[in-house]
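**Q** sequence first, then the predicted structure, then my questions.
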Amino acid sequence: MQAGEGANKRIAKNTIILYIRMGITMLVSLYTSRVVLSTLGEMNYGILNIVSGSVAIFTFLNGALSGSASRYLTYELGKRNHAKLQRTFSSSLHVHIAVGIIIVILSETVGLWLLDDKLVIPSDRMYAAHWAYQISVATVFLSILQVPYSALIVAHEKMDIYAYLSIGDIVVKLGLIFLLQIIGGDKLIIWTAMMMSVTFLYTSAYITYCKKKFPESKLILHKEYDIYKNLFSFASWNLIGSISGMAQSQGINLILNIYYGPIINAARAIASQVQGSMMQFSGNFMMATKPQIIKRYAAEDYKGMMELVYFSSSLSFYLVWLFTLPVILELPFILRLWLGKYPEYTVSFTFLTLILALVLSIKDSRTTATLATGKIKTTNLTVCVVLLLTFPIAWILLKLGFSPNSVIIETIILTIIGEVIAIRILRRYISFSIKRYFTMVYGRCLLVGIVSSILPTIIHHTMTPGIIRFITVTLVSISCSIMTIYFIGLRNENRILLKRHTQSILSKFRNK
């Protein structure tokens, strides 16, 4: 029990640290997005999004392996097998280097073909697009090298270091955005080069810290080929999930570009920025929670693991809903206040991606539980095949003349169907009640969403649009959400636990 309480305190402390980081990075990111859109213009902003996305298509290989590295590093830490932990880290780094080289080769062949023959980019901007593309390839390679080191930091639950490095990253970007506005030259090329330099500094900082603090980060050669086998076996089935995720993101981006041009990519980029900001509210909490889910599975505490999954799934939704509700209600006003002028479809895209963010926030804990078991074959063969349908269905919808909004709507529907299937599959490997899962997680989340939105919606429709309504709706929405979450969304034991640990953590921070 004491060990469990210690783990819960660690989750709470790490969550607070990550939220401090999030608050700083979100404010700076929203500002930089406005300036970048204004400085580059809608056309260049859309080109930047589609070009970087074209490179990102090939990172499905890295996406599969990063999940594998994170799972096995955290698992070995949970088993306290430090010798095998070092061999696992070295194996992971070797594999990531190899994957990075493969992605560069794919980018310089298939990727260039897409850029030259398929994407819709004005001819007078192709020169800049090519430069931005090549710089993006280098940036992706650096990001791939960083993955094993960042996974090691998260596995050790050193969220304070993760937060410091992230804040340093965003501060440097803030300085570069001011520089972008005053220097001459092609802004698209300059900005992508600036982002590559930031990635280089960020990756170097991760490597330096890990080598100083974690002995297992020392690269070694070994002949325990079972580790490579496990990494590749896990990653091979995870690969389908990475491909389906890429189809839902960059695949949709490509289709929208082919049918509507780069301006629609600018609108989707803005929507994705808002979605990403909202997802940080649950993402930071889940980053602090994921290691504990995996470690409880490694310790064979299956009941404790599922209780944490129930609680963290619901709380992830609540954290996103808390700020998504006022944003949804006041979306046009917020976009005008934030960006001034914005591309067509930005409002509808942003609304729909926020709904998708709420769905995704619930599934993160279940996904971690599935990864913890290591038995992902069945899940990825079924669920991810469902998600892969996003791409061909989107193509058919746009070819038939449906609105661009239709591709995001079908993404939401397929994501929900896939999650229902995934929960039923997880039941094969971990004993829990599916009925209780849906009641405790989806039932409570839906009830919180309905009850907390009643009063803010009434106020939104009765007041005159403007800054007064925005402030009023925001304050009422957050207040209603907090009260509804506390009295309806949380179980009694969760309320007691949350109150106790929050007081404990705040007390420790005050005493420092």
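**A** Yes, it's here. Model, not experiment: these values are computed from the prediction.

**Q** just for the stretch 1-150 of the chain, where's the confidence low?
**A** Within the stretch 1-150 of the chain, the ranges that satisfy pLDDT under 70 run 1-27, 57-69.

**Q** which stretches of it form helices?
**A** 2-56, 60-79, 82-106, 112-113, 126-155 (DSSP state H, counting those that start in this stretch).

**Q** and these: which comes nearest Ile396?
**A** Among the helices of the stretch 1-150 of the chain, the nearest to Ile396 by CB to CB is helix 2-56 (21.1 Å). Glycine gets a C-beta too; all of them are placed from N, C-alpha and C.

**Q** Ile408 versus the closest residue to Gln275 other than its chain neighbours, what's the distance?
**A** In this structure, Gln275 finds its nearest non-sequential neighbour in Thr353, 4.1 Å apart by CB to CB, 6 or more residues apart in numbering. Thr353 is 6 Å from Ile408, where distance means CB to CB, to the nearest Å.

**Q** can I have stretch 411-430 written out in PDB, keeping just the CAs?
**A** Extracted in PDB, the C-alpha atoms of stretch 411-430 (Å, rounded to 0.1, in the frame of the first residue of the first chain):
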ATOM      1  CA  THR A 411     -12.000   9.800 -38.700                       C
ATOM      2  CA  ILE A 412     -13.900  10.400 -35.400                       C
ATOM      3  CA  ILE A 413     -16.400   7.600 -36.200                       C
ATOM      4  CA  LEU A 414     -13.700   5.100 -37.100                       C
ATOM      5  CA  THR A 415     -11.600   6.000 -34.000                       C
ATOM      6  CA  ILE A 416     -14.600   5.300 -31.700                       C
ATOM      7  CA  ILE A 417     -15.300   1.900 -33.500                       C
ATOM      8  CA  GLY A 418     -11.600   1.000 -33.200                       C
ATOM      9  CA  GLU A 419     -11.500   1.800 -29.500                       C
ATOM     10  CA  VAL A 420     -14.600  -0.400 -28.700                       C
ATOM     11  CA  ILE A 421     -12.900  -3.300 -30.400                       C
ATOM     12  CA  ALA A 422      -9.600  -2.600 -28.600                       C
ATOM     13  CA  ILE A 423     -11.200  -2.800 -25.200                       C
ATOM     14  CA  ARG A 424     -12.800  -6.100 -25.900                       C
ATOM     15  CA  ILE A 425      -9.400  -7.500 -27.100                       C
ATOM     16  CA  LEU A 426      -7.700  -6.200 -24.000                       C
ATOM     17  CA  ARG A 427     -10.100  -8.200 -21.900                       C
ATOM     18  CA  ARG A 428      -8.500 -11.400 -23.300                       C
ATOM     19  CA  TYR A 429      -5.200 -10.600 -21.600                       C
ATOM     20  CA  ILE A 430      -6.200  -8.800 -18.400                       C
END
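
**Q** and that stretch, which residues are buried?
**A** 411-412, 414-415, 418-419, 422-423, 425-426, 429-430 (16 or more other CB atoms under 10 Å).

**Q** returning to what we had before: out of the helices of the stretch 1-150 of the chain, nearest to Val473?
**A** helix 2-56 (18.9 Å).

**Q** so what's Ile258 up against?
**A** By CB atoms under 8 Å, 6 or more residues apart in numbering, the contact list for Ile258 reads 118-120.

**Q** which member of those residues is positioned nearest Gly261?
**A** Nearest member of the contacts of Ile258 to Gly261, counting by CB to CB, is Val120, at 4.9 Å.

**Q** burial measure for that closest one, as a count.
**A** 18 (other CB atoms under 10 Å).

**Q** mean confidence score for stretch 206-225?
**A** If you average the pLDDT over stretch 206-225, you get 82.

**Q** what comes up buried for that stretch?
**A** Neighbour count says stretch 206-225 has 206-207, 209-210, 214, 216-217 buried, by 16+ other CB under 10 Å.

**Q** and those as CSV, adding secondary structure?
**A** Compiled in CSV, the buried residues of stretch 206-225 are given as follows (DSSP: H, G, I helix; E, B strand; the rest coil):
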residue, secondary structure
Tyr206, helix
Ile207, helix
Tyr209, helix
Cys210, helix
Phe214, coil
Glu216, helix
Ser217, helix
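
**Q** quick one on the thing from earlier: deepest in the core, which of the helices of the stretch 1-150 of the chain is it.
**A** Ranked by mean neighbour count under mean count of other CB atoms under 10 Å, the helices of the stretch 1-150 of the chain are led by helix 60-79, which reaches a mean of 23.

**Q** mind listing the strands for the protein?
**A** In order along the chain, the chain carries no strands (DSSP state E).

**Q** follow-up on the earlier one: comparing Thr353 and Ile408, which residue is more hemmed in?
**A** Between Thr353 and Ile408, counted using other CB under 10 Å, the more crowded position is Ile408 (26 against 23).

**Q** surely that one meets Leu352?
**A** Yes - the criterion here is CB atoms under 8 Å, and Ile408 meets it with Leu352 at 4.1 Å.

**Q** wait, what's in contact with Leu112?
**A** By CB under 8 Å, 6+ apart, the residues touching Leu112 are Tyr133.

**Q** gap between it and Ile105?
**A** For Leu112 relative to Ile105 (CB to CB), the value is 11 Å.

**Q** on that earlier part again, and of the buried residues of stretch 411-430, the nearest to His130?
**A** The closest of the buried residues of stretch 411-430 to His130 turns out to be Thr411 (CB to CB; 30.3 Å).

**Q** tell me who's in contact with the closest one.
**A** Here Thr411 is in contact with 248, 252, 356, 390, 394 (CB under 8 Å, 6+ apart).

**Q** now render those residues as CSV, adding pLDDT.
**A** Formatted as CSV, the contacts of Thr411 follow (pLDDT from 0 to 100):
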residue, pLDDT
Gln248, 74
Ile252, 85
Leu356, 93
Thr390, 88
Ala394, 91
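
**Q** in helices, which of those fall?
**A** Those of the contacts of Thr411 mapping onto helices are 252, 356, 390, 394, per DSSP state H.

**Q** how close does the closest residue to the second one other than its chain neighbours get to Val359?
**A** Read it as Leu356. For Leu356, ignoring the flanking residues on the chain, the nearest one in space by CB to CB, 6+ apart is Ile412 at 5.2 Å. Separation of Ile412 from Val359 (CB to CB) stands at 6 Å.

**Q** next: Phe141.
**A** 32 Å.

**Q** ditto for His96
**A** For His96 relative to Val359 (CB to CB), the value is 30 Å.

**Q** check Gln86 too.
**A** 39 Å.

**Q** repeat for Asn265
**A** In terms of CB to CB, Asn265 sits 23 Å off from Val359.

**Q** likewise for Tyr429?
**A** Distance from Tyr429 to Val359, by CB to CB: 23 Å.

**Q** and for Thr464?
**A** 33 Å.

**Q** pLDDT weak spots in the stretch 201-350 of the chain?
**A** 223, 232-242, 281-285.

**Q** before we move on, back to that, more neighbours: which of Asn265 and Val359?
**A** Asn265 (27 against 18).

**Q** could you find the closest non-adjacent residue to that one?
**A** Closest to Asn265 by CB to CB, 6+ apart is Gly46, at 4.1 Å.

**Q** was I right to think that neighbour contacts Leu256?
**A** No - with contact defined as CB under 8 Å, Gly46 does not reach Leu256; the gap is 9.9 Å.

**Q** give me the common contacts of these two.
**A** 264-265.
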